[in-house]
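Undergrad: Here you go, sequence then predicted model.
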Amino acid sequence: MSIKLKYWLQRNRKSIKNFIEDENIKSYEDVLTYCDRKGCDPITEAEYTEALDDKKAPATKVKPVSEKNENVVKPKRTKRSTKTQAKKKPRTRKAQD
């Protein structure tokens, strides 16, 4: 009984997209040969193409910069002051005669 590749990736907290990048897989046939070598059941071709579509899509969402954020002045941080305590003189024992 062989393990499914998708289950193995989930157990290792890896996405199909990251798996494709890490193993330098260029085509679905590479996935099949990898699974044959490792003795596991491959993912479907639909899952492979879906992961590639996610890889090609830009994932950057840029928030517009508002003018309010530019004019805000952050307060300076001040160090916490500590009161200096007067040092006590050490008590010494008097020598007994």
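TA: Thanks, I have it.
Undergrad: and Gln11, backbone torsions?
TA: No, residue 11 isn't Gln; it's Arg. phi -60, psi -30 (degrees, to the nearest 10).
Undergrad: wait, Asp41
TA: phi -80, psi 130.
Undergrad: Just confirm it contacts Met1, I think it does.
TA: No - using CB atoms under 8 Å, Asp41 is not in contact with Met1, being 9.7 Å away. (C-beta placed from N, C-alpha, C; glycine too.)
Undergrad: what number of residues lie near Glu45?
TA: Glu45 is flanked by 11 other residues according to other CB atoms under 10 Å.
Undergrad: Can you tell me the closest non-neighbouring residue to it?
TA: Excluding its sequence neighbours, the residue lying closest to Glu45 (CB to CB, 6 or more residues apart in numbering) is Tyr28, at 5.3 Å.
Undergrad: what's the spacing between the one you found and Tyr34?
TA: Tyr28 sits 11 Å away from Tyr34, taking CB to CB, to the nearest Å as the criterion.
Undergrad: Next: Lys6.
TA: Counting by CB to CB - Lys6 and Tyr34 are separated by 13 Å.
Undergrad: hang on, the earlier thing: got a pLDDT number for the residue nearest to Glu45?
TA: Tyr28 carries a pLDDT value of 93.
Undergrad: Enumerate every residue touching it.
TA: Counting by CB atoms under 8 Å, 6 or more residues apart in numbering, Tyr28 makes contact with 45, 48-49.
Undergrad: of those residues, closest to Ser15?
TA: Tyr48 (12.3 Å; CB to CB).
Undergrad: okay but the closest one is in contact with Ile16, surely?
TA: Yes - counting by CB under 8 Å, Tyr48 does reach Ile16; the two are 7.1 Å apart.
Undergrad: where exactly do the helices run in the protein?
TA: For the chain, the helices defined by DSSP state H cover 5-11, 16-22, 28-38, 45-56, 67-71.
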